[in-house]
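# turn this into a structure:
(4 chains, ligands or ions: 4)
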Amino acid sequence: MESKFNARYLAIRYGFLALLAGLLIFFSIFANGFAGPRSAVFIFQSVAITGILALGVTCTLVVDGFDLSIGSVATSSLMLSAYMLVILEQNAFVAVVVCLIMGAFVGFLNGILIVRMKVPDLLATLGMMFLLIGLQRVPTEGRSISTGMRLPSGEVAEGVFSTSFLWIGRHRFDFFLEKLIPVSVLIFLGVAFLVWLFLELTRHGRLMYAIGSNERAASLAGTNVNFYKILAYMISGVTASIGGILLSARLGRGDIASGNNLLLDSVAAALIGFAVLGAAKPNALGTAIGALFVGVLLQGLTMMNAPYYTQDFVKGGVLVIALVFTFALTARSHK
Amino acid sequence: MESKFNARYLAIRYGFLALLAGLLIFFSIFANGFAGPRSAVFIFQSVAITGILALGVTCTLVVDGFDLSIGSVATSSLMLSAYMLVILEQNAFVAVVVCLIMGAFVGFLNGILIVRMKVPDLLATLGMMFLLIGLQRVPTEGRSISTGMRLPSGEVAEGVFSTSFLWIGRHRFDFFLEKLIPVSVLIFLGVAFLVWLFLELTRHGRLMYAIGSNERAASLAGTNVNFYKILAYMISGVTASIGGILLSARLGRGDIASGNNLLLDSVAAALIGFAVLGAAKPNALGTAIGALFVGVLLQGLTMMNAPYYTQDFVKGGVLVIALVFTFALTARSHK
Amino acid sequence: AGMPAPLDNPGNVKIALVRYLSTGDFFQAYLGGVESQAAALGVDLRIFDSRQDAALQADMVDQAIALGVDGIIIQHGLTESMKDAAQRAVDAGIKVVAFDVNVENSAIPQVEQSDYMLGKLALEQAIKDNGTSFKAGYVYVPGIAPLDRRDVAWQEVKTANPGIVEAAVFGTLDNPIANTNANQARSVLQANPDITVMFAPYDEFAKGVKIAVDEAGMTDQIDIYSADVSTADISAMREPNSAWAATVATNPAVVGEVCVRSLAIMLTGGNPGSSVIVPPTLITQAFLNSEDIKNMGDLGSKMPQFQHADVAMADWMPLPSR
Amino acid sequence: MKKITCKIRKIEKSFGSNKVLKSIDLDLEAGKVAVLMGANGAGKSTLVKILCGVHQADSGSIELFDQAFKPQKPVDAFKEGVVTVHQSINDGVVPDLDVASNLMLDRLTEKEFGLFINQKVLKINAKAIAETMGISINVETPVSELGVADRQLIAIARAMARKPKVLILDEPTSSLSSAEADQLFTVLEKLRKMNVAILYISHRMSDIRRIADNIITMRDGKISGQFSEKPLDYEAAVTAMIGHKMTEVDVETVSKGEIILEFKNVKLEPESSNINLTINKNEVVAITGLLGSGKSQLASILYGISKPSQGSIFLNGKRLENTSPQEAIKDGIHMSPKDRASNAIFQSFNIESNLTVPFTKNYSWLSFLRFKLLAEVAKTKIKDIGIVCQSEFDNIETLSGGNQQKVIVGRWLLQSCKLLILDEPFQGVDIKARRDIGKYIRESAGERATLVFVSELDEALEIADRVLVMHEKSFVGEHQNKNIDLEKILIEISGQVSTNSKNWNANGI
Ligand SMILES: Nc1ncnc2c1ncn2[C@@H]1O[C@H](COP(=O)(O)OP(=O)(O)OP(=O)(O)O)[C@@H](O)[C@H]1O
Ligand SMILES: Nc1ncnc2c1ncn2[C@@H]1O[C@H](COP(=O)(O)OP(=O)(O)OP(=O)(O)O)[C@@H](O)[C@H]1O
Ligand SMILES: [Mg+2]
Ligand SMILES: [Mg+2]
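Ligands and ions are numbered 1, 2, ... in the order given. Prediction:
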């Protein structure tokens, strides 16, 4: 860190945020209906689920891992909660708990595969992904789960998505304005805060970064590497299952087609997070901002009536430019 | 390597191949129509495109990179070839050359982003992926390209997929049996052979492995690291565009499609390749066999009339078990 | 010009199209229909694309409400996620029509391309061509609403005709759909070389099956029956010796127009009826060949019922220029 | 007459606001070994990196054979015949490839090699290169299975085989023992005769005495002295290097406390002889021996990483049954491992985080890190062991090699323990710092037993109360550090004593 807080330093640290601010101003002026508290809440809500997943991936990135199974964990949790509610006719609490346990268990399995069986992380989680994609469709033979559906046995499913479960996905708290803040946004913010707290402020977080930096050294310094790695994957599994629960509560049905893009979008958010505040490493704050960044961009483009394919294009373009900017600068200053 | 060629050594080296053989035998007995030369050719054909993409990814894995853009490069090449043929009314040769150049150029851009702009590989190629997904849809405003389509200008596109272009996707060479071997299979085998030759037997391949293992050391020993990294991404871009051309020639139209599954399947193949012959590192032979493995599995299950969701499940399950087996053993023998 | 209020001043009327699905020819053509009818009316159209994110789609309805639109078209989606959102729009005094999604609301007319009828007509043609006993392959991925509705027709036909044997069910939505299904169909044909009919009630499936049939050299033996149509499908059906015998389709552009017209009627205080059905049309290979139809435009001009559906009409209603 | 091969003039280099090189003038003569001495962080490696194209000078010029020489990247220097063995051993080898490819790595980058690799020819050539440095490893072994010493030998052998015109060796012997070092010196003799200009950087006086033709000393980024009159005045050189006279170390052996560590009939390998050994509180015991004599293996056993082939070890009378470093630390055993780059450094961390990693528990409240406390602790330790840095928040990668090593040793001195194990703690540490650290370790030795594994005898003599000698996984000698019989130790180290006895007892005579 140099004494002169020069232009480059500022660019690295705040370049990405400046870009975000620029986008916000641009859209506020040119996109009709973009500015305003409700629109802001939409943005948060639209990225809440990917954001939560991305925070989990961030934890695995910190220990130098990678979790490709999050998307499928989320959809499994979506299907599982629907199964619990509609077919097994359980209440909301049971459904939520079972989903969280499922997420933790999948994360645990991933972790065991990686630390005990020494399967490379990409490979282990990829296998898990395929496994779950198949598994989640077995109980209903690939059908979506909704009240009144006919089961393979011929019976009709009588359970319903209880109001308390739907509350998770649909309730909005008053906050200055009436019915402003959805539960999912609060959960997103809560998860982001917790993951940030954990990674940045606790010794466990620091040890996880140590493992990501040099696993051998961490182990020789007395860190229980296996424990922390498994923990990272369990966090990732749990956050993904939270994402799935939120999705389920919003949809009100176990829809097998939903959640396709969760994996790539959350990976994108976590990776964009590298660029925030010039961190150049996985970090919770960056991930949350990364997710919001994508949300702002898509919302703005939608408001400007851009066709869907230009949204991908602009998303990619802005991403590349923003990142080139940040990383090229960071790299140079390290020379 | 110990003197005793013991059971573990054999298991590591040939376990995966044994599993493949086991599957072949199983399906030959239980899946009606599985055994036989035509069926074998289908398997090759069904994995030709993912296999070719996977070989490209392998090259980027070798230099410790990763290319997430291959799926979208392939679909871009699909659209571009159709655009060249149908709308610009070019001949097959021009269309193929332009697609290959496009692939090389995208790879070059990826490489530049990574080596010059220091953008982490996952991030650079992810951005490129979004960019291409959007870009490939812009010229036709999200429509598929086929002869007779109405252009945004109001004109009708008169160009056709020429027979010589379709030949690439549809011709079959006689080989003992009449019309047995499709062009795409030959191309797959050719690409596999070339990539294998390049990685294993040339000094360039060896240097690329050196870069993947220790970039700094390779650079200090005089390796032009940037050149080889860019080269790896260019190979990956070119192979992906070959995949796209084959797809286009098989479909006979410029089909708006996402390359998500192409991406995941080819990554799977490349990663499974780690386990083949106990290599525990990216390698061309392994990748090709990995692709075939997935092909055999899917073909067999389809022939046994297994519902589509069990296919994912079995794919994931066999993958995980095979890999646990291989990696757990490899790790233990390294102790 | 001559339209009832509030359309007498159409520049001040804002309508929103809230989409669940957008990628692909059908949806692009549908959008084209919506746009051209909206342009003919002169209203301000806003498009919200949720890209298959059902939760986001519900949010988008709320966004449209916040924007103060006068009318909303909900295009596809899930009943469960859209029901409440649609109700909120109705509560806000906004006119709403829903296309291909049942939002369980009596104030909201349902525009439908009857998926059941699509399947039914295609299968009737198959029976006409092949008799009531044949060995069939069926392409189906459960859990996708329109495919599930088409499946109902298939199940009925099967029960009604015990001579029809379902030799294999396969299908996948893995991208690129046509290519992946071609691979599966190849395997199926290899395992069941005596199949004579392929029911592939989605044109991407049909395309895949056609590739497989061509590659297996079984074009003479097999007939493919499908749903949906596009320019590319027309050329595939018309290839020499094509196995693709018939498809049943509604013109997606027409569906789009009907949606906007229904909404316009509601805005002016009228009632298009609780269910607006756009009738499907049977398109056979023979017809395409005899009329030398090359693209969707030709199809429209040779088949007036495909070009324009006389539903949701009013005498003041301006139509898009052809 | 003098034949100047390489003329360095007015080279300046800064990293940010840190001015590292201040107008360096230096001549390298053909057929001469110029030894560059300087405290940790003086700027030696930076100068080397400028010469070989890793860094570019901010100003100044270099002439090679009277031609301007400005390498932009390593290849440029290579092509001109400037060959470097870098200080960081991991910069020299590619672990996933086999020894043969590693030895031939630079050849592989050349067009002349041809497109295809003939594995047989590659192996033959590699073996030839290996022989120059007396490397006897199977060339098909992957380097990842080798220890630091072998890796360093590979990097050196490759450089030697390049037929360099200017050869730069940055602490080449830092992880070699005298036998391998001797091999290196033999080869250097040969190169000297072939008129190669050699720049040799080392902190080991024994090396310097052995091969220096002239000595250049650096201090704070400036040349502080040049010595070329024979006989070379080593004492003056050291003075020029550290800025004042070096005080002689005189180890005052202390009275020992109670027994802390006890080996009972321990065998490292089934064939090696029994070890019976006690280590006491308050004493510092150095264990020395050749490469591969089993020092690190012994350390790893104490630290719970591996198990002895038989026998038992007691700590404070309790049998040691650790299976991981974590458990060892809980028992009060601290170990600073050798090979800091692979085993100790967290590259993305700053100094403070690197120092405190094992003891975060002590500096946190309900798992929350107490950042102020951490910074204070780090600051104190930086002062205690004299780490040259700008602040405790510097990234560890920006430190010079020796200073990185100090951080790693400092890490294990943060908290008191029962048994402190230091494996090659002075790797790359300059003489003065070594003495300072040694003094610090001795001063703080009161409440624990201390075991130091070193392959340099000098280092052992500077720090220890007692010196033990290992050879082929067995102990062969024990000496109180008072009027030590150096002849005898050297004989023991080289393994020329008969060790017929299958039992070996050392209980501090
Ligand atoms: N990449 C870098 N960025 C910032 N500062 C650096 C960098 N490399 C070295 N320095 C600083 O330059 C100074 C000189 O370091 P150098 O490595 O040249 O020392 P050295 O003389 O080789 O020491 P040692 O004997 O410990 O190897 C040190 O203060 C170090 O902190
Ligand atoms: N944990 C272990 N288990 C089995 N063998 C080991 C272990 N550690 C080292 N060895 C082997 O024992 C031999 C002695 O190595 P060790 O590293 O202990 O020697 P050393 O005297 O410490 O040498 P150095 O100076 O290189 O550190 C080497 O051949 C090494 O491969
Ligand atoms: Mg140095
Ligand atoms: Mg050692």
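# next up, the contacts around residue C:190.
Listed by Cβ atoms under 8 Å, 6 or more residues apart in numbering or on different chains, the contact set of residue C:190 reads B:33-34, B:38-39, B:42, B:303, C:216. Yep, even glycine has a C-beta here, placed from its N, CA and C like the rest.
# and residue A:268, by the same measure?
A:54, A:290, A:294, A:319, B:126, B:130.
# so which of the contacts of residue C:190 comes closest to residue B:115?
residue B:42 (40.6 Å; Cβ to Cβ).
# and the one helix or strand the closest one maps to, what does it pack against?
Using DSSP states H and E, residue B:42 maps to helix B:37-62. Applying 3 or more Cβ pairs under 8 Å, 6 or more residues apart in numbering or on different chains; DSSP states H and E, one finds that helix B:37-62 contacts helix B:70-82, strand B:177-182, helix B:183-196, helix B:203-213, helix B:225-251, helix B:260-272, helix B:284-303, helix C:177-191.
# got TSV for those, with mean pLDDT too?
Compiled in TSV, these are given as follows (pLDDT from 0 to 100):
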stretch	mean pLDDT
helix B:70-82	95
strand B:177-182	83
helix B:183-196	96
helix B:203-213	95
helix B:225-251	95
helix B:260-272	86
helix B:284-303	90
helix C:177-191	90
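# that older thread, drop anything exposed from the contacts of residue C:190.
B:33-34, B:39, B:42, B:303, C:216 (16 or more other Cβ atoms under 10 Å in any protein chain shown).
# where does pLDDT dip in the stretch 51-200 of chain C?
Along the stretch 51-200 of chain C, no part satisfies pLDDT under 70.
# where does it get nearest to chain A, residue-wise?
Closest approach between the stretch 51-200 of chain C and chain A, counting by Cβ to the nearest Cβ: residue C:80, at 3.3 Å.
# quick one: which of the helices and strands packed on helix B:37-62 is nearest residue D:92?
Of all these, helix B:203-213 sits nearest to residue D:92, with 12.0 Å by Cβ to Cβ.
# so how far is the closest one off the chain centroid?
Mean-position distance between helix B:203-213 and its chain equals 21 Å (Cα atoms, centre = their mean, to the nearest Å).
# residue of chain D nearest chain C, please.
Closest point on chain D to chain C, by Cβ to the nearest Cβ, is residue D:96, at 34.2 Å.
# nearest spatial neighbour of that residue, skipping sequence neighbours?
residue B:213 (3.5 Å; Cβ to Cβ, 6 or more residues apart in numbering or on different chains).
# what's the burial count for the residue in the stretch 101-250 of chain A that chain B sits nearest to?
In the stretch 101-250 of chain A, the residue that lies nearest chain B is residue A:134 (2.4 Å; Cβ to the nearest Cβ). Number of residues near residue A:134 (other Cβ atoms under 10 Å in any protein chain shown) recorded here: 22.
# any idea of the pLDDT on it?
Looking at residue A:134, its pLDDT reads 88.
# okay, and it sits in which element?
Using DSSP H and E, residue A:134 maps to helix A:121-135.
# that helix versus helix A:225-251: what angle between them?
Angle of helix A:121-135 versus helix A:225-251, following axes from the mean of the first three to the mean of the last three Cα atoms, to 10 degrees, is 40 degrees.
# what's the burial count for residue D:252?
Counted with other Cβ under 10 Å, residue D:252 comes out at 9.
# how about residue D:63?
Residue D:63, neighbours per other Cβ under 10 Å, totals 15.
# am I right that it sits in a strand?
Yes - Residue D:63: assigned to a strand according to DSSP: H, G, I helix; E, B strand; the rest coil.
# residue A:37 versus the nearest residue to it once chain neighbours are set aside, what's the distance?
Distance criterion Cβ to Cβ, 6+ apart; nearest residue to residue D:63, sequence neighbours excluded, is residue D:7 at 4.2 Å. Between residue D:7 and residue A:37 the computed distance is 70 Å (Cβ to Cβ, to the nearest Å).
# same check on residue D:274?
Distance, residue D:274 to residue A:37, using Cβ to Cβ: 79 Å.
# so these two - more neighbours on which side?
Each of residue D:274 and residue A:37 has its neighbours counted (other Cβ under 10 Å); residue D:274 has more, 19 against 13.
# these two touch, right, residue C:22 and residue C:57?
No - using Cβ atoms under 8 Å, residue C:22 is not in contact with residue C:57, being 10.8 Å away.
# more neighbours, those two?
Higher neighbour count among residue C:22 and residue C:57: residue C:57, with 28 against 22, using other Cβ under 10 Å.
# list the contacts for that one?
Residue C:57 is in contact with C:18-20, C:48, C:50, C:74, C:77, C:81-82, C:85, counting by Cβ under 8 Å, 6+ apart.
# quick one: which of those residues is nearest ligand 4?
Proximity of the contacts of residue C:57 to ligand 4, judged by Cβ to the ion, is greatest for residue C:50, which lies at 62.3 Å.
# ok, the closest one - how many residues close by?
Other residues lying near residue C:50 total 25 when counted by other Cβ under 10 Å.
# how about it: what's its closest non-neighbour residue?
Leaving out its chain neighbours, the residue that sits closest to residue C:50 by Cβ to Cβ, 6+ apart is residue C:57, at 3.7 Å.
# just say helix, strand or coil for whichever residue of the stretch 1-150 of chain A sits closest to ligand 2.
As assessed by Cβ to the nearest ligand atom, ligand 2 sits closest to residue A:118 within the stretch 1-150 of chain A, at 18.4 Å. With three-state DSSP as the basis, residue A:118 sits in coil.
# just checking, it touches residue B:329?
No - contact criterion Cβ under 8 Å: residue A:118 and residue B:329 do not qualify, at 9.1 Å.
# now do residue A:321 against residue A:43, distance only.
The value you get for residue A:321 to residue A:43, if Cβ to Cβ is used, is 21 Å.
# how about residue D:323?
Distance from residue D:323 to residue A:43, by Cβ to Cβ: 51 Å.
# check contacts around the residue in the stretch 151-300 of chain D positioned nearest to ligand 4.
Per Cβ to the ion, residue D:296 is where the stretch 151-300 of chain D lies closest to ligand 4, at 3.3 Å. Counting by Cβ under 8 Å, 6+ apart, residue D:296 touches D:147, D:338, D:423, D:453.
# near ligand 2, from the residues you listed?
Subset of the contacts of residue D:296 in contact with ligand 2: D:147, D:338, counting by Cβ under 6 Å from any ligand atom.
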